[in-house]
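1. Structure for this input, please:
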Amino acid sequence: MVQLASAPALVVVDMQNGFCHKQGTFAKMGMQCEPTVIVPHINELRSAARAASIPIFFLRAGFNADYSDFRGGGDDKNPLQKMRGFIRGSWDADILDELTPEPDEPIFDKTRNSAFFGTPLEKTLKERGINHLILTGVGTDVCVETTARDAFQMDFDVTTISDATGSTNEPDHLAALHALRRFGGTASTAEVIEALRKR
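-> As a prediction, the model looks like this:
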């Protein structure tokens with residue numbers, strides 16, 4: 001049974017064309033995060049969150065056109081740069097059409113794995129009194145896990161949604177979920193929706 005703190009928020013991590021679309025950068029590199037299952041689950045969670053007046057936040061990776069803000073930027077041998085992936089304002093960096101944020105669902109742009117590095121996310125959450133993050137999105141073993149660990153160290157309760165997160169392969173996804181049991185815990189979409197409906 002999922003126990004939600006007094007002021008939770010739903011966070012959608014990096015559900016972008018570049019990571020998830022079959023024509024995105026990751027697919028071209030043979031590393032696409034498969035969105036088929038998790039997109040419907042994320043939208044179910046969004047609907048439940050909105051019904052419960054729970055705020056929703058989106059995270060989005062993106063870089064300057066010269067990659068000056070990309071860790072490892074300037075290396076023309078980097079495949080991401082070679083393919084001109086995730087340039088801020090490009091289709092590749094956009095959120096998937098199926099998950100287009102509503103006007104009251106703010107997007108935080110980031111240049112590192114953690115949503116808290118170089119962004120106003122922590123300040124925004126604390127100003128709004130948020131004390132529990134419900135994490136969804138990709139990749140479970142990279143940006144989701146890094147964000148979950150950082151949030152936990154900042155004294156947020158954290159629940160990572162096992163069937164609303166994904167990676168480029170199942171073993172890495174499962175390994176990350178196993179590790180994240182120690183950083184707040186994991187739950188299914190159905191379990192969190194039930195908890196939201198009981199609020």
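
2. Could you list the buried residues of the worst-scoring helix or strand of the chain on mean pLDDT?
-> The helix or strand of the chain with the lowest confidence, counting by mean pLDDT, DSSP states H and E, is helix 79-82 at a mean of 70. Of all the residues in helix 79-82, those buried under the rule 16 or more other CB atoms under 10 Å are 80-81. For the C-beta atoms, the positions are set from N, CA and C on the backbone; glycine is no exception.

3. how far does it sit from the chain's center?
-> 22 Å (CA atoms, centre = their mean, to the nearest Å).

4. One more: stretch 93-113?
-> On CA atoms, centre = their mean, the centre of stretch 93-113 falls 9 Å from that of its chain.

5. Run through who's touching it.
-> 12, 15-18, 20-21, 35, 39, 42-43, 46, 56-63, 69-71, 86-88, 115, 117-121, 124, 142-143, 146-147 (CB atoms under 8 Å, 6 or more residues apart in numbering).

6. so what secondary structure elements neighbour the one helix or strand Leu174 maps to?
-> Leu174 is part of helix 170-180, with elements assigned from DSSP states H and E. Packing partners of helix 170-180 (3 or more CB pairs under 8 Å, 6 or more residues apart in numbering; DSSP states H and E): helix 145-153, strand 157-166.

7. which is the next helix or strand following the least confident helix or strand of the chain?
-> Next element after helix 79-82 (DSSP H and E): strand 107-110.

8. Output that next one as PDB, restricted to C-alpha atoms.
-> Below are the C-alpha coordinates for strand 107-110, written out as PDB (Å, rounded to 0.1, in the frame of the first residue of the first chain):
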ATOM      1  CA  ILE A 107       8.300  22.500 -17.900                       C
ATOM      2  CA  PHE A 108      11.800  22.700 -16.300                       C
ATOM      3  CA  ASP A 109      14.700  22.500 -18.800                       C
ATOM      4  CA  LYS A 110      17.800  20.800 -17.600                       C
END
